[in-house]
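**Student:** turn this into a model:
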Amino acid sequence: MIIAGGKGAWVGVGLGGQNRLIMRALFRFNMDQYKKGDVEFYFKIRDMVGSPGKIDIYIVPDFGVLTTTSGDPIDLKEEWSSLNNGTHVRTLYVQNVPKGPANPAGTPDDLIYAQQGKWFSMTLSEEEITGGISGGYLPIMFRARDEGLEGGNAVIISTYESGDVPYFTPH
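**Tutor:** The predicted structure is shown next:
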């Protein structure tokens, strides 16, 4: 099901009654004004439940405008499987308590440390961006690396609807 208009995009494994829910977040950035060069993307971690582990970030094929629903089941196999044709670009690890600098010295370029309640950024190269733009949009998917976790292990990323709007700036 597609859930939009809430307090943020959930990524990880949740619970719906007694059922495990695997949750992924889709973001779609309008890149009409993009010329060239690297771009810094900003997202805010609104909250975290349990321990979702590492979150993989992919540039995926454009999925178009998603319908806002009331949480009714619909066929999502095209959006869900867009990951199969996507490109892994970064890995996010969210900490619930600050443990020193967000990205300590020696952190691999593709790993981003973020803290609960704070903004984090990721830089995408011109090559990553131009290879991912489709129809003027850059679609990005967040997914828990381990979707086999028990329910109740997720991170909540701010969305347009939740107030702290994700954005980007060119370098």
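**Student:** okay, now residue 55: neighbour count?
**Tutor:** 25 (other C-beta atoms under 10 Å). Where C-beta positions appear, they are placed from N, C-alpha and C, glycine not excepted.
**Student:** repeat that for residue 44.
**Tutor:** Neighbourhood size, residue 44 [other C-beta under 10 Å]: 19.
**Student:** same question, residue 89
**Tutor:** 19.
**Student:** may I see the buried residues of the helix or strand where it lies?
**Tutor:** Residue 89 belongs to strand 87-95 when assigned by DSSP states H and E. Residues of strand 87-95 classed as buried: 89, 90, 91, 92, 94 (neighbour count, 16 or more other C-beta atoms under 10 Å).
**Student:** what residues of the helix or strand of the chain with the lowest mean pLDDT count as buried?
**Tutor:** Across the helices and strands of the chain, the lowest-confidence element by mean pLDDT, DSSP states H and E is helix 77-81, at a mean of 74. Going by neighbour count (16+ other C-beta under 10 Å), the buried part of helix 77-81 is residue 79.
**Student:** thank you, goodbye.
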